[in-house]
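Peer 1: build me a model:
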Amino acid sequence: MPSGLRPYFDYVIPVFWPWLWWNLIRVALWHKRTGRDALLRLDRFGNIRFVFIEDAPQPDDLYSYEAPKVTSWERLAPGFCLPEMPEIAPACVRASCPDIRAVFGHLPGIPEQVRGPP
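Peer 2: Sure thing, here's the model as predicted:
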């Protein structure tokens with residue numbers, strides 16, 4: 001028996017040593033499988049309970065770059081192929097259209113100044 005386990009066997013009633021041995025093997029296999037440490041509580045009957053368990057180990061590569069499956073020129077942004085707007089100021093467009101009243105004068109049936117609702 002390893003000397004590190006002696007305090008456990010001194011604490012447990014000798015009738016329950018096989019049960020303690022079985023529980024220690026289970027904890028050792030769990031520790032070997034997960035690699036995590038734990039604080040254990042032992043009672044007089046050989047039962048082992050976890051009080052605190054260490055956090056899971058962090059992955060070695062926190063960031064891993066994955067290349068996109070579709071290249072950027074195969075999935076262009078919406079509106080990519082639209083023609084560019086001409087750089088004409090709105091005032092220039094308005095100035096190119098003559099005022100209808102100046103050309104035709106006062107139109108019949110339409111008052112000169114439109115009134116809004118009261």
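
Peer 1: where does the protein have its least confident helix or strand?
Peer 2: helix 90-96 (a mean of 52; mean pLDDT, DSSP states H and E).

Peer 1: pull the CA atoms of the helix or strand containing residue 6 into PDB?
Peer 2: Taking DSSP states H and E as the definition, one finds residue 6 inside helix 6-11. Taking Å, rounded to 0.1, in the frame of the first residue of the first chain, the C-alpha atoms of helix 6-11 are listed here in PDB:
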ATOM      1  CA  ARG A   6      -2.300   5.400   5.100                       C
ATOM      2  CA  PRO A   7      -4.300   8.300   6.600                       C
ATOM      3  CA  TYR A   8      -7.400   7.200   4.700                       C
ATOM      4  CA  PHE A   9      -7.100   3.600   6.000                       C
ATOM      5  CA  ASP A  10      -6.400   4.900   9.500                       C
ATOM      6  CA  TYR A  11      -9.600   6.900   9.400                       C
END
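
Peer 1: same question for it: list its buried residues.
Peer 2: Of all the residues in helix 6-11, those buried under the rule 16 or more other Cβ atoms under 10 Å are residue 8. C-betas here are computed from N, CA, C, even on glycine.
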